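Peer 1: quick check, what structure comes out for this input:
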Amino acid sequence: MTDALPDILLSRFAAGPLRIGTRTSALARVQAENVAALIGKHAPGIETEIAPTQVSADLWPGDLAEVGGKGAFSKEIDRALVSGQIDIAVHCMKDVPGDVPLAEGTAFGAYLPRDDVHDLVITRDGTPLADLPPGSLIGTSSVRRRAQLTMYRPDLRTERVRGNIDTRLDKLLEDGSHYAALVLARAGLVRLGILDRYHHEVLPVEFHSCDTGVVSMVPAVGAGTIGVQARHADAPVMRLLGELNDAVTARYILAERTMLHMLRGHCNSPIAGYATQTADCRLSLFGMVFNRDGSEFVRSHAWGDLDDPAALGSSVAADLLHQGARRLITATRE
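Peer 2: Have a look, this model is predicted:
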């Protein structure tokens, strides 16, 4: 760590540990523990403490729109951060909405290196998605996934399935389950160390037209990325997070979330966005907006300079809006 930051932090936390706020699920705790380990590596001597908070959205079995959308995942943690009950908050960036401002006085000071962004199809017996019988029921809580599944396999049915990863998997594997498959993020199962326990099929992130027979699943904005939020005014902590920040991932997130913010995507908006770096050191951003059943969509792919990801995000959003994305997004509110 550079300069005298360790002394500053030691003084800042001389009376107690750095408190890491997170949700109570097993996955959330693992992610918070990963952040704690990184802090220990970059600032030895700083004690950390995981402070789990039960959030209302995790207890709600229905549509997230009824409890405030994806922002409901973080509102209790936001209050704890703003009030000083915790010092940092750990979030999955795909769960951070684009149409709700961050809690006043806070910012994301670090993005950890991006993990795998692929979605998986989990089945009881390893049957590929393409071979599931017509009418099979697929469980997913994501409108983005439902739209893309229906676009490629309109003969399948989808149903919202909420809860932690283990709860969802139990619903699939229990005797008499009416689910034929689940769609989950690969990163979550890898972080929990349970991926190899289940039959899974990795869905490609590259967009394919429906007549290819390949079911692709373009990722959510922020997929595979952990963000660490803190108070602007807490300068020592913000400097520490600067040491943890992965500049490449931060570039991707800025491009994707600029697009999402300009689209004013809400929790029921089937929006996908995925930024990468090309072999010739350009920034690539692919964005899509769907209607609920995937029967209509618009897409845009553009390239830009690595040092201006916000401009690329704005360009892709403007193109999507020009093609009619606003109509699709508005329709999903109804």
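
Peer 1: quick one: contacts for the spatially most central residue of the chain?
Peer 2: Centroid-nearest residue in the chain: residue 94, 1.8 Å away (criterion: Cα atoms, centre = their mean). Applying Cβ atoms under 8 Å, 6 or more residues apart in numbering to residue 94 gives the contacts 185, 219-225. Glycine gets a C-beta too; all of them are placed from N, C-alpha and C.

Peer 1: in stretch 259-279, what's buried?
Peer 2: For stretch 259-279, the neighbour count (16 or more other Cβ atoms under 10 Å) marks 259-275 as buried.

Peer 1: ok so, going back, keep only those of the contacts of residue 94 that are in helices.
Peer 2: Among these, DSSP state H puts none in helices.

Peer 1: now the residues you listed: which count as buried?
Peer 2: Buried, going by 16+ other Cβ under 10 Å: 185, 219-225, out of these.

Peer 1: nearest residue to residue 293 in space, please, no chain neighbours.
Peer 2: Nearest non-adjacent residue to residue 293, counting by Cβ to Cβ, 6 or more residues apart in numbering: residue 150, 4.7 Å away.

Peer 1: cool, residue 32 as well?
Peer 2: residue 22 (4.0 Å).

Peer 1: am I right that the one you found sits in a strand?
Peer 2: Yes. Read with DSSP: H, G, I helix; E, B strand; the rest coil, residue 22 is one of the residues of a strand.

Peer 1: show the contacting residues for it.
Peer 2: 28-29, 31-32, 50-53, 77, 89-90.

Peer 1: strands of the stretch 151-300 of the chain, start to end?
Peer 2: In the stretch 151-300 of the chain, the strands defined using DSSP state E, counting those that start in this stretch lie at 157-159, 181-185, 199-202, 226-231, 271-277, 283-290, 297-304.

Peer 1: tabulate those strands (JSON lines), appending mean pLDDT and distance to residue 330.
Peer 2: As requested, the strands of the stretch 151-300 of the chain are exported to JSON lines (pLDDT from 0 to 100; distance: least, Cβ to Cβ, whole Å):
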{"stretch": "strand 157-159", "mean pLDDT": "94", "distance to residue 330": "22"}
{"stretch": "strand 181-185", "mean pLDDT": "96", "distance to residue 330": "26"}
{"stretch": "strand 199-202", "mean pLDDT": "96", "distance to residue 330": "33"}
{"stretch": "strand 226-231", "mean pLDDT": "98", "distance to residue 330": "28"}
{"stretch": "strand 271-277", "mean pLDDT": "96", "distance to residue 330": "13"}
{"stretch": "strand 283-290", "mean pLDDT": "96", "distance to residue 330": "11"}
{"stretch": "strand 297-304", "mean pLDDT": "96", "distance to residue 330": "13"}
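
Peer 1: pLDDT weak spots in the protein?
Peer 2: Low-confidence segments of the chain (pLDDT under 70): 1-6, 55-73, 213, 267, 333-334.

Peer 1: if we go to 50?
Peer 2: Scanning the chain for pLDDT under 50 picks out 57-69, 71.

Peer 1: what are the ranges of the helices in it?
Peer 2: According to DSSP H, the helices that the chain contains are 5-12, 26-42, 56-59, 75-82, 143-152, 165-173, 186-192, 235-244, 247-263, 309-322, 325-331.

Peer 1: need those helices in a markdown table with distance to residue 119, can you?
Peer 2: Output for the helices of the chain, formatted as a markdown table (distance: least, Cβ to Cβ, whole Å):
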| stretch | distance to residue 119 |
| --- | --- |
| helix 5-12 | 38 |
| helix 26-42 | 15 |
| helix 56-59 | 21 |
| helix 75-82 | 25 |
| helix 143-152 | 6 |
| helix 165-173 | 13 |
| helix 186-192 | 7 |
| helix 235-244 | 27 |
| helix 247-263 | 16 |
| helix 309-322 | 21 |
| helix 325-331 | 21 |
